[in-house]
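Participant: turn this into a structure:
(3 chains)
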Amino acid sequence: MATATSTTGIRRTLRALLIPSLALLSALLAGAVVMLLSGDDPMAAYSGLFQGAFGDGKGWARTIRKTVPFVLTGLSVALAFKVSLFNIGASGQFVMGSVFAVAVGINFEGLPIFIHLPLALIAGIIGGLLWGAIPGILKVYTGAHEVIVTIMLNYVASLFGGWTVYAGGTQGQTPGPLWDRTAGAISETPDVLLSAQIPWLFGPPYRVHYGIFLALAAAILVWWLIFKTPLGFEMRTVGHNMRAARYAGIRVNFTIILTMALAGALAGLAGAIETLGLNHKFAPEFGGAVGFDGITVALLGQTHPIGVLLAAFMFGALDGGAATMQFVSGVPADIIQIIQALVLAFVAAPLIIRMLFRLRQQTDQDAGSAVSTSWGGT
Amino acid sequence: MTAAQSTQAQQANAGPPKLAVNGITKLFPGVVANRDIDLALHEGEILALLGENGAGKSTLMNIIYGLYQPTEGRILVDGRPVDLHSPRDAIDLGIGMVHQHFQLVPVMTVIDNIMLGSESVDRGLLDRESVSAQINELSERYNMPVDPNAVIEDLPVGVQQRVEILKALYRNADILILDEPTSVLTPQEIEGLFKVMELLRSQGKSIIFITHKLKEVLRIADRIAVLRRGEMVGEADPATVSQEDLAALMVGRKVTLEVEKEAASAGEVLLQIREIEAYTDLGEPALRGVSLDVRAGEIVGVAGVQGNGQTELVEVVTGLRPATAGSVRINNVDMTNAPPRRITEEGAICHVPEDRHMYGMVDAYSVADNLVLSSYYKRPFSSGLTMNEQAIAQHAEELVAQFDVRTPSVRTSGANLSGGNQQKMVVAREFGRPIRLLVAAQPTRGIDVGSIEFIHSQIVAKRDEGVAVLLVSYELDEIMALSDRIAVMFHGQISAILPRSQATREKIGLLMAGVSAEDESPAG
Amino acid sequence: MIVALALVVMAILVNLTPLKEQTWLRVLFGISALNFTLRATVPLVLGALSGILCERSGIINIGIEGMMLAGAFAGFVAKTSTNHWPLAVSLVFSVAVAMAVGGLMGAVHALFSIRFRMDQIISGTVIIILALGTSSYLYNRDAIAEGKFSSIPIPGLAQIPVLGPVLFDNPPITYLALIMVVVVHVGLFYTRWGLRTRAVGEHPRAADTVGINVNRYRYVNTSLGGMLAGLAGAFLVLEAVGQFQEGMTAGRGFISLAAMIFGNWNPIGALGAATLFGYTQALQNELLLAGVTQVPRQFISMLPYVVTIVAVSGLVGRVRPPAAEGKVYETEGSS
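Facilitator: Numbering: from 1, shown residues only, chains lettered A, B, ... in the order given. Model prediction:
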């Protein structure tokens, strides 16, 4: 019995890996075609990419460093997907997480690290959680579609973050509350106090911090939550069939708000970890592009937490190697964005991959529930 | 009789049949929907195509209408083989179809729906006036009054059906396929439809009438063809064949047409509904003061044409829709607008929902998970923080055996079961726990006769155990067969409650159409 | 609509009476505020029309932002490569290229959604990311577009006080956008194409059973919608700004979607909603320029986004999207 389950388990896992791997491969090939068409050398680019991502210790460090936020924003989007909610707002939640974390991190001098650091992390989680809860609440009580609300909140969060470090205006506008008074005209916060910084696992020049373990723990926690708890059962039921969930006595509205809040919390944690572990301050340019990439990571990971880990690592490598690629081969690093979009296209339409590689259609439906519900409805 | 004779006479005179189906086979992945079917339709006849749910009637008609392509075989119109690649081809050949689920756009007017696909255009713009005139002419000729400017969703189903027939006639159809046209009508509306069909036949139109109702076949058909499990099993002459023979031909074994049950011994009132009001999703009044009692040990059937508030009534009772006025008491406890879970637990209520795919099950879930859909949070399935997969599987094995749910394993996803087995799965989950009140809405919609018999016997068994049963069905036959008392719903109200012994089809039919007992009495 | 009317009345009052000496009123209703409103409205209304075309046929299009950006970039590339052509020819050519590329993006979205049965919201996201990535990858920062569309006053009408300079003294894409509102409205509700489009979006099976090719209508409409989004992009580059900037659409595609919903999938309604959103952008602009407030600029800049959120909230039950939106249509027997 046990062996039977484990072999089918392995086969299931392999099958689950098939489409994403082929999607990644196809995207790299298509990316090569794009480079050829615009007169760049794909071989040089990809070898530069690989070198940059895995060529030496610093490369590995870069890859891991980039992986951490992808894991968390990927989990954020994936968790929402499980409930048929589309969280395009991870970038705004990331910014709010950063701002909240930095607000705690630059204050409260004298606290010991084992109090200050958790406090700052929790502040980040709360920032993201609140920002994520808003679209959930609006969806439930006003019917506003979370896609539009989360996108608008991304802009609002970015402006809000900008204001907190605003250096002041010419018409007597007061500077933002977190602005570093010693920074002159530069809009940024002071450095996070040492007691709120995430310690290095490998110090400079590698700059890998302990945040990687937080990301791993989050992935396991999300997996357990979704697949092993009654709450996860409720979330998946709402995701598959909202009416059946109501019929089964599940509090659908509560589940939607909670899910969006938790998704926000994960993205907020990503912001907090980036701020406390790596940037050590907040400035408007530390925005949430990783939030948008979270969508691709989540889909490449087939909205499964373990899949998200792998996908985040792939994306970490792509981003980690991009700069070296541009430096070595002269191909603009923006090609990575195209490749990432192609990955998303291929992985979101398994039919393309099946057609390209002449795969048989599986009899049982792939996981993942549709998110395309129309705008006006609840 | 005379009609049948005249058709036979025509058959002898005329050349090839109006429409002929030769050796049609249709395979879907894993299913033979039609196997080697031959069928002929002559000019000016009404051919009834009889078969139970899933027998392949609709598939065959969709092939004739060009919606599906047959795997094998061919179709001849007026003796000539034709290629039907799309409904457009069928329409051009004079074939019209009234689908079981109306193919009308709810937010558009009658004019727009009727001309859709065959628009009348004047200088680039739609010529709605000329279409309107044509509709008026057609509706006068065939005695089917309709307002061309009305919006479909505001019209009663009976009128919507008229629009569907007019839509076919507007396209000059002379072969008409009517797919289960009577399932949404009151007995009197059915009689009206039959009048229209006879009028059409007298003007030379040929009609295929699809149904699973034996009485109707005998009333209207010139000839009967019977389909079973995708195969043509025989033809019958309505003048000579009996209902019992037809039923046996249709199901393949002898069927008991009546549900066997003892007289009810009703106890105390378990469900008390008082002056309930509620709105539809679109914000229109759905319930306008509904009062009803259901006692322990009795089955109260709610009869009525679909869309008269039955769905909303069930939803209010089970907590899925808020009542804006009135009260619901279950077992003498006020449960008005209580959360569904409280109603389920404290009210010891179970609910077989109207549409199993919408409410009753999660298609992607395994049979085991579907069977704990309303109890997943309780011991032993859940111990606070984590779920116990073993207990869930074991529970599933037991229910699957007890309720005869045919599934390869309890891990199979619910979507892969047949309709009848899905419904048995829902029934197993709901009946498989201690209950005092059963709310069953359309418990046998779209499933095979075997499953229907099983579910009916389970409902009667629950009643005999002393459970109070509220049964909602649009099939008058089902209501008549199971109920001890019958409440008729019309326009969001209960227009009458009759003991089964006083309820005749005619009386109920009039009530379903909104003719109240007082209106009726002077005439009768 | 009421908003637009109130705006006109206030504008006439303020601009033709001594009230215009009041700074605040001038900021709120001055000719300049109205001009900016119209300029901000044009891409929004084109985007909303793009959404209407797609969604009325049943395809959800959140990729408008990407189609707009792709159109803007294509228009820019076309303009920079034809700088040596006569200005008018070069501009018209660039608009055509922008629309073609927008239409192509629309066709890709339709292909993903229909042929490859991709979730439509995700497909839209792919379009956005693809447009962002491609335009920054290919963007040559040294390229400069020389010249842009200038105003063409309509003789007679342009002399009407207040209304003249606001409505009848504009560059061509602005006029075109307003004309498109009428064209799409008449098209949707009074032509064969419109009737079929709406049927396909509401009840595809009903359309199929009367012989209408559902997916062909979806392909065509989504591509047309892409072209309108591309035109919006062309407006930004060739009429408003004159140059391309990375990510220059700045959420306009998404605000267009909100305008479409707010306008209940109706072109005239969408124009009203787009005007409201355009006005908030104008207000943001005027407030920043006039320096009449000490509120930090970030909060003023939030205005359009917050107004959008407020607008899409509280619409439940009041708007009704096309019923078949977002769903793949398959004839069951086709496999």
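Participant: now do the helices in the chain.
Facilitator: This is for chain A. A:2-37, A:42-54, A:57-82, A:90-105, A:113-142, A:146-164, A:211-228, A:230-240, A:242-247, A:252-274, A:289-300, A:305-329, A:335-348, A:350-356 (DSSP state H).
Participant: wait, chain C
Facilitator: According to DSSP H, the helices that chain C contains are C:2-16, C:23-29, C:31-56, C:64-81, C:87-110, C:120-138, C:163-167, C:172-190, C:192-202, C:204-209, C:214-234, C:252-262, C:267-290, C:297-312.
Participant: give the contact list for B:Val314.
Facilitator: By Cβ atoms under 8 Å, 6 or more residues apart in numbering or on different chains, the contact set of B:Val314 is B:351, B:353-354, B:439, B:441, B:470, B:472. Where C-beta positions appear, they are placed from N, C-alpha and C, glycine not excepted.
Participant: need those in JSON lines (columns: distance to B:Gly79 and neighbour count).
Facilitator: What follows is the contacts of B:Val314, written out as JSON lines (distance: Cβ to Cβ, whole Å; neighbours: other Cβ atoms under 10 Å in any protein chain shown):
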{"residue": "B:His351", "distance to B:Gly79": "54", "neighbour count": "27"}
{"residue": "B:Pro353", "distance to B:Gly79": "49", "neighbour count": "25"}
{"residue": "B:Glu354", "distance to B:Gly79": "46", "neighbour count": "21"}
{"residue": "B:Val439", "distance to B:Gly79": "54", "neighbour count": "26"}
{"residue": "B:Ala441", "distance to B:Gly79": "48", "neighbour count": "24"}
{"residue": "B:Leu470", "distance to B:Gly79": "55", "neighbour count": "26"}
{"residue": "B:Val472", "distance to B:Gly79": "48", "neighbour count": "24"}
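Participant: closest to chain C out of the residues you listed?
Facilitator: B:Glu354 (19.5 Å; Cβ to the nearest Cβ).
Participant: related to what we said a few turns ago, winner for burial among the helices of chain A?
Facilitator: helix A:90-105 (a mean of 32; mean count of other Cβ atoms under 10 Å in any protein chain shown).
Participant: need the per-residue pLDDT for the residue sitting nearest the centre point of chain A.
Facilitator: Against the mean C-alpha coordinate of chain A, by Cα atoms, centre = their mean, the closest residue is A:Thr73 at 1.7 Å. Model confidence at A:Thr73, expressed as pLDDT, equals 96.
Participant: so which bits of the stretch 101-250 of chain B are right by chain C?
Facilitator: Within reach of chain C by Cβ under 8 Å from any Cβ of the partner chain, the stretch 101-250 of chain B has these residues: B:103-108, B:112-113, B:115-119, B:121, B:124-126, B:167.
Participant: repeat that for 6 Å
Facilitator: B:103, B:105, B:107, B:112, B:116-117, B:119, B:121, B:125-126 (Cβ under 6 Å from any Cβ of the partner chain).
Participant: can you check what pLDDT the model gives the residue nearest to the residue nearest to the centre of chain A when sequence neighbours are not counted?
Facilitator: Take A:Thr73 and drop its neighbours on the chain: the residue closest to it by Cβ to Cβ, 6 or more residues apart in numbering or on different chains is A:Gly294, 3.0 Å away. In this model, A:Gly294 is scored at 91, pLDDT.
Participant: model confidence for the closest residue to chain B within the stretch 101-250 of chain A, exactly?
Facilitator: Nearest residue of the stretch 101-250 of chain A to chain B (Cβ to the nearest Cβ) works out as A:Gly249 at 3.1 Å. pLDDT recorded at A:Gly249 is 93.
Participant: cool, and the one 4 residues further on?
Facilitator: In the predicted model, A:Asn253 carries a pLDDT score of 95.
Participant: repeat for the one 5 residues further on
Facilitator: Confidence at A:Leu258, expressed as pLDDT, is 97.
Participant: what's the answer for the one 10 residues further on, then?
Facilitator: Reading off the per-residue confidence, A:Gly268 sits at a pLDDT of 97.
Participant: which ones are touching the residue nearest to it when sequence neighbours are not counted?
Facilitator: In space, not counting the residues next to it along the chain, A:Gly268 is nearest to A:Gly128; the distance is 1.6 Å by Cβ to Cβ, 6+ apart. By Cβ atoms under 6 Å, 6 or more residues apart in numbering or on different chains, A:Gly128 lies in contact with A:93, A:96-97, A:264-265, A:267-268.
Participant: before we move on, what about B:Val469?
Facilitator: Contacts here follow Cβ under 6 Å, 6+ apart; on that basis B:Val469 touches B:299, B:438, B:463.
Participant: which residues touch C:Ser301?
Facilitator: Neighbour list for C:Ser301: A:159, C:284 [criterion: Cβ under 6 Å, 6+ apart].
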